[in-house]
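**Q** What shape does this take:
(4 chains)
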Protein chains: 2
Amino acid sequence: MLDAAAERLVAQGYTATTLREIAADIGIKAGSIYHHFESKEDLFIEVFSRGIEVMVDAFGDVDTAMNGCDRESDRLEAHVRAHLGALFEHGSFTAAHVTAFFTAPEELRSAIVPLRDDYEHRWNALLADVLPELDSARLPIARLFLFGAMNTTIEWFDLSGDLSLDGLANLITVQFLEGVDALNLQRSTR
Amino acid sequence: MLDAAAERLVAQGYTATTLREIAADIGIKAGSIYHHFESKEDLFIEVFSRGIEVMVDAFGDVDTAMNGCDRESDRLEAHVRAHLGALFEHGSFTAAHVTAFFTAPEELRSAIVPLRDDYEHRWNALLADVLPELDSARLPIARLFLFGAMNTTIEWFDLSGDLSLDGLANLITVQFLEGVDALNLQRSTR
DNA sequence: GTCTATAGGGAGATAGAC
DNA sequence: GTCTATCTCCCTATAGAC
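**A** This is a model prediction of the structure:
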């Protein structure tokens, strides 16, 4: 049911997604949803929360796996790869979060914002490590650029195309760190 | 009326925006809208079209003004500035387009796609000029990165903050061309 | 845990007066 | 060009049977 809700969110946004559709997708009737959730808002709070959870878990896994890594650019790339993995490889929760969060009503959003903030702080800390020379005032801007690059891939990246997720993660990382020249030099600039 | 519709689109997305609200915003009743447009879809087709028009016009103006410019990075930065100007300084049409286009029904979107394609082609041509060394297969990806950086600013950039639109355009351009190092070296790396 | 039935509200759209 | 009144449809949510 949560999966169906997430997929509808990605395709249609919050308001256009109806409980009838979600119910039909999983073969029940709309009224039955209220046995599991108190309201539409309640259901989607759960969906958006899981979207963050998937990202945070992926982030944590990389932190563990990359514990002894001394090359900061590799750590960054692994985290970029994990974020993209959350977007494309772990169901629709994160994709739903990234695409539909701003289409949800304000009350719902404010319930989710603390979780979003937590994830953003992790990235700020990571970037401060990876880029110690970066002015701390510029750090959130750098993060926003990187988030923009990662999250907009959902509008154009095709998992079944020539470019793999690993390749995309490398592309985004080197583009972020070294600029457009890096787009011609995949893997060779590290 | 179109302005009111655009502002509602930015704030709420397509489905959540009602004709009653738009009518109330400009002091008329919902039924009166149908004297000007045949349907809700019709009205928003006009709004989304103007969003593109504003961008295309801004792009054309820069082409004219930068005609004799021999520094390609300056040309690029001027176009980035123009795109940001369309987003933040010329009403809500472009902002509405960028934020709400994907919340609109498929039929409406397909009517607008040709206009979007036209604008994208102009940028592809520009980037091919500015970055002649860039593999042509990578060119659309470079454009998508740049669009991602420009368009996501709408979620965080504040016109009344410390950073000006000129500064933001410079930041985005050098970040795009030279990577994150450029974030510490505004204006000095050109 | 799911069903049917339905309440209550609000949406887009239309007709005809002014 | 705008109004009022209204139609039809579909939404969220509830109540009670199974």
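**Q** Verify the stated contact: A:L146 with A:F176.
**A** Yes: contact criterion C-beta atoms under 8 Å: A:L146 and A:F176 qualify, at 5.4 Å. C-betas here are computed from N, CA, C, even on glycine.
**Q** Let's see the pLDDT reported for A:V180.
**A** Note on A:V180: pLDDT of 80.
**Q** So which residues on chain A come close to DNA strand C?
**A** A:A23, A:G27, A:I28, A:K29, A:A30, A:G31, A:S32, A:H35, A:H36 (C-beta under 7 Å from any atom of the strand).
**Q** Mind doing that once more with 6 Å?
**A** A:I28, A:K29, A:G31, A:S32, A:H35 (C-beta under 6 Å from any atom of the strand).
**Q** Between the two ends of stretch A:129-149, how far is it?
**A** 20 Å (C-alpha to C-alpha, to the nearest Å).
**Q** Other residues contacting it?
**A** For stretch A:129-149, contacts defined as C-beta atoms under 8 Å, 6 or more residues apart in numbering or on different chains pick out A:72-73, A:75-76, A:80, A:120, A:123-124, A:127-128, A:172, A:175-176, B:145, B:148-149, B:151-153, B:155-156, B:163, B:171-172, B:175, B:180, B:183-184.
**Q** Now do the strands in chain A.
**A** When secondary structure is read from DSSP state E, chain A shows no strands.
**Q** before we move on, the earlier item: buried among the contacts of stretch A:129-149? Need that as a selection in ChimeraX.
**A** Listed next is the ChimeraX selection for buried residues among those, using 16 or more other C-beta atoms under 10 Å in any protein chain shown:
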select /A:72,73,75,76,80,123,127,172,175,176 /B:145,148,149,151,152,153,163,171,172,175,180,183
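**Q** Wait, A:H36 touches A:M1, no?
**A** Yes: assessed by C-beta under 8 Å, A:H36 is found in contact with A:M1 at 6.8 Å.
**Q** Give the residue from the two that has the larger number of neighbours.
**A** A:M1 (17 against 12; other C-beta atoms under 10 Å in any protein chain shown).
**Q** got any residues that touch both of A:H36 and A:M1?
**A** With C-beta under 8 Å, 6+ apart as the test, A:H36 and A:M1 both reach A:L43.
**Q** Spell out which residues belonging to chain A are near chain B, please.
**A** Contact residues (C-beta under 8 Å from any C-beta of the partner chain) of chain A with chain B: A:12-16, A:99, A:102-103, A:131, A:133-135, A:138, A:141-142, A:144-145, A:147-149, A:151-153, A:155-156, A:163, A:171-172, A:174-184.
**Q** Tell me, how many residues neighbour A:S32?
**A** When neighbours are defined as other C-beta under 10 Å, A:S32 has 12 of them.
**Q** Could you dump the residues of chain A next to DNA strand C into JSON lines and include pLDDT?
**A** JSON lines is the format used below for the residues of chain A next to DNA strand C (pLDDT from 0 to 100):
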{"residue": "A:I28", "pLDDT": "98"}
{"residue": "A:K29", "pLDDT": "98"}
{"residue": "A:G31", "pLDDT": "97"}
{"residue": "A:S32", "pLDDT": "98"}
{"residue": "A:H35", "pLDDT": "98"}
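**Q** what's the most distant pair in those residues?
**A** The span of those, defined through C-beta to C-beta, is set by A:K29 and A:H35 at 10.8 Å.
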